[in-house]
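Chemist: My questions are about this predicted structure, shown below with the sequence.
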Amino acid sequence: MTGLHSDKDFVTANALECILAKPEKPAPPKLATEKAEYGKVPAYLETIKAQIAAERTMLAERRRAEEEAALGSVREMTEEERDDLLFDLKTKWGKLNAAYGRLSFSLDVPSHRRKKESLEREMTQLEKDVKQLQGRQVVVLEDGR
């Protein structure tokens, strides 16, 4: 064979070279203050801040629109409307009172007891409503539907 021949043992030479070499010193770590993006708000936080600001403005607009709608739909009840409502409530109370008077005295059956309690509850509520309407100025909140 023709070519270059050498008696050098490359494996041993490489091992010796590696053993005798000095280790490389790692570069000192950069301080956070030396980095280019130090002190800047990350882009993902900017998008989140923008979304939050958009939601806040949307909520504020909705709240303002609801307040405007509520203010526009409030009116004072006229004397005639109040008198009609009082008349209707008293008529209903009279009908309930008549039904209450027709109940039997014995309340042995649970359905009779429930009926009596239901009538008493409705009559009590009607009495409260009548007292609330009498002699007061009534403000009506109209539904905008």
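Modeler: Ah, there it is. Numbers count the residues shown, from 1 in each chain.
Chemist: What ranges does the chain have for its helices?
Modeler: In the chain, helices defined by DSSP state H lie at 10-20, 43-72, 79-101, 110-133, listed in chain order.
Chemist: Mean neighbour count, distance to Ala27 and mean pLDDT for the ones you listed - can I get that in JSON lines?
Modeler: C-beta coordinates here come from the backbone N, C-alpha and C atoms, glycine included. Rendered in JSON lines, the data for those read as follows (neighbours: other CB atoms under 10 Å; distance: least, CB to CB, whole Å; pLDDT from 0 to 100):
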{"stretch": "helix 10-20", "mean neighbour count": "9", "distance to Ala27": "22", "mean pLDDT": "93"}
{"stretch": "helix 43-72", "mean neighbour count": "10", "distance to Ala27": "28", "mean pLDDT": "90"}
{"stretch": "helix 79-101", "mean neighbour count": "13", "distance to Ala27": "87", "mean pLDDT": "90"}
{"stretch": "helix 110-133", "mean neighbour count": "13", "distance to Ala27": "82", "mean pLDDT": "89"}
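Chemist: What's the separation between the residue nearest the centre of the chain and Glu68?
Modeler: Nearest to the mean C-alpha position of the chain, by CA atoms, centre = their mean, lies Leu59 at 11.2 Å. Computed as CB to CB, to the nearest Å, the Leu59 to Glu68 distance reads 15 Å.
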